[in-house]
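> fold the following and give me the result.
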Amino acid sequence: MCKIVITGFANMPLLSMIADGSLKSDSILNVSALARYCGVARATFISRCERYGLESTIKHFLNEKRRKQCNT
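Numbering: from 1, shown residues only. Predicted coordinates:
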């Protein structure tokens, strides 16, 4: 079990929930929309989440997206 806290401006909590660790049971997060926003396939996103965690996955793919935009 872990606590997921998504913060916004000035570290104000936007979403706080306790998750059991599997993305399948945490239906409050729209994993497909997160994957689309990051520009990767849902399966790739979920696979990386299982290996590295949600926060690390989001940071990784957003950095990759920014890097691709800077190179074009």
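> who's in contact with the residue nearest to the spatial centre of the chain?
Nearest to the geometric centre of the chain sits Ile58, at 3.9 Å (C-alpha atoms, centre = their mean). By C-beta atoms under 8 Å, 6 or more residues apart in numbering, Ile58 lies in contact with 34, 38. No exception for glycine: its C-beta is placed from N, CA and C like everyone else's.
> which residues in the chain form helices?
31-38, 42-52, 54-71 (DSSP state H).
> go ahead and name everything in contact with the shortest one.
Just to be clear, that refers to helix 31-38. By C-beta under 8 Å, 6+ apart, helix 31-38 touches 23, 41-42, 44-46, 49, 58, 61-62, 64-65.
> dump the helices of the chain to a markdown table, plus distance to Ala10 and mean pLDDT.
Converted to a markdown table, these look like this (distance: least, C-beta to C-beta, whole Å; pLDDT from 0 to 100):
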| stretch | distance to Ala10 | mean pLDDT |
| --- | --- | --- |
| helix 31-38 | 23 | 86 |
| helix 42-52 | 27 | 89 |
| helix 54-71 | 19 | 88 |
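> format the ones you listed as JSON lines; extra columns: distance to Ile4.
Output for the helices of the chain, formatted as JSON lines (distance: least, C-beta to C-beta, whole Å):
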{"stretch": "helix 31-38", "distance to Ile4": "12"}
{"stretch": "helix 42-52", "distance to Ile4": "12"}
{"stretch": "helix 54-71", "distance to Ile4": "7"}
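> nearest to Asn11, of those helices?
Of all those, helix 54-71 sits nearest to Asn11, with 14.4 Å by C-beta to C-beta.
> list the contacts for Gly39?
61, 64-65, 68.
> give me the buried subset of those.
Buried by 16 or more other C-beta atoms under 10 Å: Phe61, out of the contacts of Gly39.
> among the contacts of Gly39, which pair sits farthest apart?
Most distant of those, by C-beta to C-beta, are Phe61 and Lys68, 10.5 Å apart.
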